[in-house]
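Engineer: Structure, please.
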Amino acid sequence: MKKKETDNFEKKILRLEEISDLLEAEDTQLEDAIALFEEGIELSQDCLTTLKNAELKITELKKKIDSISLEGKEPSKK
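Structural biologist: Sure, this is the predicted structure:
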């Protein structure tokens, strides 16, 4: 992930924590709670997409490392 994407991801996680706290507060009005819940769902989906993309990137990098490792080995002699 690029630095900007990481910062954005971190901000979304922090906002999700804030939303969670607000939803747990007894003084949150129903309409506000619904809006917060909706925002939380959208942020969760964005974060999940970011994590899936990161997982794909890591998988690609592992394959690249494996191919480099295999190319560098000499065939075994028996």
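Engineer: Give me the distance between residue 14 and residue 58.
Structural biologist: Distance, residue 14 to residue 58, using CB to CB, to the nearest Å: 23 Å. Using the backbone N, CA and C atoms, a C-beta is placed for each residue, glycine as well.
Engineer: can I assume residue 46 is in contact with residue 12?
Structural biologist: Yes - taking contacts as CB atoms under 8 Å, residue 46 lies within contact range of residue 12: 5.9 Å.
Engineer: Over the longest helix along the chain, what's the mean pLDDT, rounded is fine.
Structural biologist: If you go by DSSP state H, the chain has its longest helix at helix 30-72. The average pLDDT within helix 30-72 is 93.
Engineer: Off-centre distance for stretch 13-21?
Structural biologist: 15 Å (CA atoms, centre = their mean, to the nearest Å).
Engineer: in it, what's buried?
Structural biologist: By neighbour count with 16 or more other CB atoms under 10 Å, stretch 13-21 contains the buried residues 16, 19.
Engineer: What of stretch 57-71?
Structural biologist: Applying a neighbour-count criterion of 16+ other CB under 10 Å, one finds nothing buried in stretch 57-71.
Engineer: Just the CA trace of that stretch, in CSV.
Structural biologist: Written as CSV, here are the backbone C-alpha positions of stretch 57-71 (Å, rounded to 0.1, in the frame of the first residue of the first chain):
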residue,chain,number,x,y,z
LYS,A,57,-0.3,-7.6,-3.4
ILE,A,58,1.4,-9.7,-0.7
THR,A,59,0.5,-12.9,-2.6
GLU,A,60,2.0,-11.5,-5.8
LEU,A,61,5.2,-10.5,-4.0
LYS,A,62,5.5,-13.9,-2.4
LYS,A,63,5.2,-15.5,-5.8
LYS,A,64,7.9,-13.2,-7.1
ILE,A,65,10.2,-14.0,-4.2
ASP,A,66,9.6,-17.8,-4.8
SER,A,67,10.4,-17.5,-8.5
ILE,A,68,13.6,-15.6,-7.7
SER,A,69,14.6,-18.2,-5.1
LEU,A,70,14.0,-21.1,-7.5
GLU,A,71,15.9,-19.4,-10.3
